[in-house]
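Novice: Sharing a model prediction with you, sequence too.
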Amino acid sequence: MGRHRAFDLEEALNAARNVFWLKGYEAASISDLTEAMGINSPSLYAAFGSKQGLFRAVLEHYDAAREKVLLKIIDEPTARDVALRYLSAIADYATDKKHPPGCLLVKAGLSTVEGEVAEQISRHKMANELALRERFECAKRSGDLPEEAKPAELARYIMAIGSGLCVQAVNGASREDLRNIAAMAVNGLPQPGKAAKRSTARENA
């Protein structure tokens, strides 16, 4: 039988997450990580294999909670509702006092030069972008977005605004500031298509 871990996995991953979040992947040393996690380096390597393996586990743990929120967001009735709730959620999360300001993926991505780690971060970001794009494609088909709307570009736009909100949070912006920026950004989205307008008119008749 294998030996049981002598540490709480979730607590250790949260501690490692905060180190990567504050320092970035490259600057986070093994000693930084083990000190924060309350374990020694042999335990870290036994559990995760390497610093990169630990970072991969941190990303998976980090994304598990975020995915639940995203699934609720994409169920919002309109593309504008989806975009506003997504950006508002980022504004709230980026200013949550329970963890460092901003976003782990943005912070780690800005400071990462290692190829495989950069690819890991990119894959996690693309998962969110893909979910938004598919939701906007659905909105276009239903007439909630006009025929000339470009779902892929809209998804990239929302992702870019979200990254900007995280950077602003690191620089000290308040939750209210970020929510105001989110609302202004959503105002730039295309207006509903004719089919959606006709449907709304019938409902209001």
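Specialist: Ah, there it is.
Novice: And the helices in the chain, which stretches?
Specialist: Per DSSP state H, the chain carries helices over the ranges 9-23, 30-37, 41-48, 51-73, 79-94, 104-111, 115-142, 151-170, 175-186, 194-204.
Novice: Can you point out the buried residues in the fourth one?
Specialist: Right, the one you point to is helix 51-73. 51, 54-59, 61-63, 66, 70, 73 (16 or more other CB atoms under 10 Å). Where you see a C-beta, it was placed from the backbone N, CA and C, and this is true even at glycine.
Novice: Can you name every helix or strand that that helix contacts?
Specialist: helix 9-23, helix 30-37, helix 41-48, helix 79-94, helix 104-111, helix 115-142 (3 or more CB pairs under 8 Å, 6 or more residues apart in numbering; DSSP states H and E).
Novice: pLDDT weak spots in the chain?
Specialist: Residues of the chain meeting the criterion pLDDT under 70: 1-5, 109-114, 193-205.
Novice: what do you get if the cut-off is 80, keeping everything else the same?
Specialist: 1-6, 65-68, 107-118, 120, 193-205 (pLDDT under 80).
Novice: The nearest residue to Glu137 once chain neighbours are set aside and Leu71: what is the separation?
Specialist: In this structure, Glu137 finds its nearest non-sequential neighbour in Pro151, 4.4 Å apart by CB to CB, 6 or more residues apart in numbering. In this view, Pro151 and Leu71 are 18 Å apart by CB to CB, to the nearest Å.
Novice: Equivalent analysis for Ala6, please.
Specialist: From Ala6 to Leu71 the distance is 35 Å (CB to CB).
Novice: ok, now Ile30?
Specialist: In terms of CB to CB, Ile30 sits 35 Å off from Leu71.
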